[in-house]
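Enquirer: Prediction below, plus the sequence it came from.
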Amino acid sequence: MTSSASTSPVPTPLNERRAARFWPEGWWRLVDMKIGIIPLPLYVIVAILLVVLVQEGEVKPDGPTMIAVLVMGGFTCAEIGKRIPILRNIGAGAIFATFIPSALVYYKLVPPQMEKAIFDFTKFTNFLYIYIATIIVGSILGMDRDVLIKGFLKIFAPLAVGSVAAAIVGTLVGTALGLGPYKTFFFIVVPIMAGGVGEGAIPLSIGYAAILGQQQGVVFAQVLPPVMLGSLTAIIFAGTLNYVGKRYPHLTGEGRLQPGAEGMESSDAQARSEAARGQIDAATIGAAGLTAITLYLLGVVAHHLVGLPAPVAMLFLAVFAKLGSAVSPHLQAGGFVVYKFVQVSMTYPLLFAIGVALTPWNELMAAFTLVNLITIVSTVSTLMVTGFFVGRALGMYPIETAIVNACHSGQGGTGDVAILTAANRMALMPFAQIATRIGGALTVTGTIIAMKWIGA
């Protein structure tokens, strides 16, 4: 015969002492507390070390020092943004990680030696291109091949028609407000649909700078605000469509793109993908990283041959490799792991470096005007409304196609998550990724070719 008291765990004095003592259990709890990816004790230690290095004049543009500086700066700024109500839901982490360091440099709040070290490191190590290579290649290789193919077939029409309509309406509105067609199209309308920051604004600014003979930072400061404001507009409109769907259920599939389609990815393909990702070893991850670098170098060669920016050429090469089954499923899964690692650990440090070295604060603030805002809202609303009606004409649920089109004006992957969360349509994520990555790549590529053809 047993009693209920004997079956429930009773803390022993030894267990109580272990739970109450600081070392090592209490210390482990502190270590598990993080700011971004930085354990709290390491955060304090690195902060003190950086103060000492600044005082001793030992802040140098070498790898270890810059990793500490950029990781500390990037995740500190991002953490501030993520803790602000409302703003934290619209990508404030990325906004703060870019804008705060730019403002700190402008107002002389960054030690000059640290500013110079960050500038030299960013310029001479091609840190930017490593990020672009791994993000683009890893994300494309990590997508399911069937989803990529069927997504093109299902969403291409509303996405293409919506993009053209948005470009026309946005340009006309900006021109009518006095911005001029050239500035409106290339520096407001196109950045909105370029695919976010890492996959859109950065390669777009690289291409623009090369054609116009300007510094990339100056161009980046001009194209970044429309990316951020376009994503915010899309989030608000997507939330509105969720409300419309509740009022008019016949307009929505509650996450299904068309009647009778429960999902575009087959269960077998999904199972194979998950199984492959569960068997990734360090060698496969390393090989996937080298694959990204190789495709980037092929993009560099393509740039010299045809003049297409290397990141954009690399994206198309990755898509062709994916669709042509040139990369094994195991290596593709490794590429997805590399993508996730870079996305989690390098995005905010990269944005911090861009904010310090490549984003003039005065140029950035000059872009925030009422005229620009009206043009951005007109562009995003046209993109979504066109998607709504084209999708409906093709037998798809109009609210779903409008939301996928909204992701074309989002802030990359972060924007996709925010938009689909606001719309309560997270099941559309595969199509959102296609709209963001492929739609953004086509936008960036076509625009740079057009600018080069038109000339500065």
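Expert: It's in.
Enquirer: what secondary structure does Pro259 sit in?
Expert: coil (DSSP: H, G, I helix; E, B strand; the rest coil).
Enquirer: Neighbours of it, how many?
Expert: 9 (other Cβ atoms under 10 Å). In this view, the C-beta of every residue, glycine as well, is placed from N, C-alpha and C.
Enquirer: Touching, it and Gly253? I think so.
Expert: Yes. Between Pro259 and Gly253 there is a contact at 6.8 Å, judged by Cβ atoms under 8 Å.
Enquirer: Least confident secondary structure element in this protein?
Expert: The helix or strand of the chain with the lowest confidence, counting by mean pLDDT, DSSP states H and E, is helix 267-277 at a mean of 44.
Enquirer: Quick check: buried residues in whichever helix or strand comes after that one?
Expert: As assigned by DSSP states H and E, the chain's next helix or strand after helix 267-277 is helix 282-306. Neighbour counts using 16 or more other Cβ atoms under 10 Å place 284-285, 287-289, 291-292, 295-296, 298-300, 302-303 of helix 282-306 among the buried residues.
Enquirer: Helix 282-306: how far from the chain's middle?
Expert: Distance, stretch centre to chain centre, for helix 282-306: 20 Å (Cα atoms, centre = their mean, to the nearest Å).
Enquirer: Quick one: mean pLDDT over stretch 214-234.
Expert: Across stretch 214-234, pLDDT averages out at 82.
Enquirer: hey, C-alpha coordinates of that stretch in PDB?
Expert: Extracted as PDB, the C-alpha positions of stretch 214-234 are listed here (Å, rounded to 0.1, in the frame of the first residue of the first chain):
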ATOM      1  CA  GLN A 214      28.900  57.200 -55.700                       C
ATOM      2  CA  GLN A 215      29.700  55.700 -52.300                       C
ATOM      3  CA  GLN A 216      27.600  52.700 -51.400                       C
ATOM      4  CA  GLY A 217      26.800  54.200 -47.900                       C
ATOM      5  CA  VAL A 218      25.200  57.300 -49.400                       C
ATOM      6  CA  VAL A 219      23.100  55.200 -51.800                       C
ATOM      7  CA  PHE A 220      22.200  52.700 -49.000                       C
ATOM      8  CA  ALA A 221      21.000  55.600 -46.800                       C
ATOM      9  CA  GLN A 222      18.600  56.600 -49.600                       C
ATOM     10  CA  VAL A 223      17.200  53.200 -50.400                       C
ATOM     11  CA  LEU A 224      16.900  51.900 -46.800                       C
ATOM     12  CA  PRO A 225      14.000  54.100 -45.500                       C
ATOM     13  CA  PRO A 226      11.600  52.900 -48.300                       C
ATOM     14  CA  VAL A 227      12.400  49.300 -47.300                       C
ATOM     15  CA  MET A 228      11.500  49.900 -43.700                       C
ATOM     16  CA  LEU A 229       8.400  52.100 -44.300                       C
ATOM     17  CA  GLY A 230       7.100  49.800 -47.100                       C
ATOM     18  CA  SER A 231       7.300  46.900 -44.700                       C
ATOM     19  CA  LEU A 232       5.400  48.800 -42.000                       C
ATOM     20  CA  THR A 233       2.700  49.700 -44.500                       C
ATOM     21  CA  ALA A 234       2.400  46.100 -45.600                       C
END
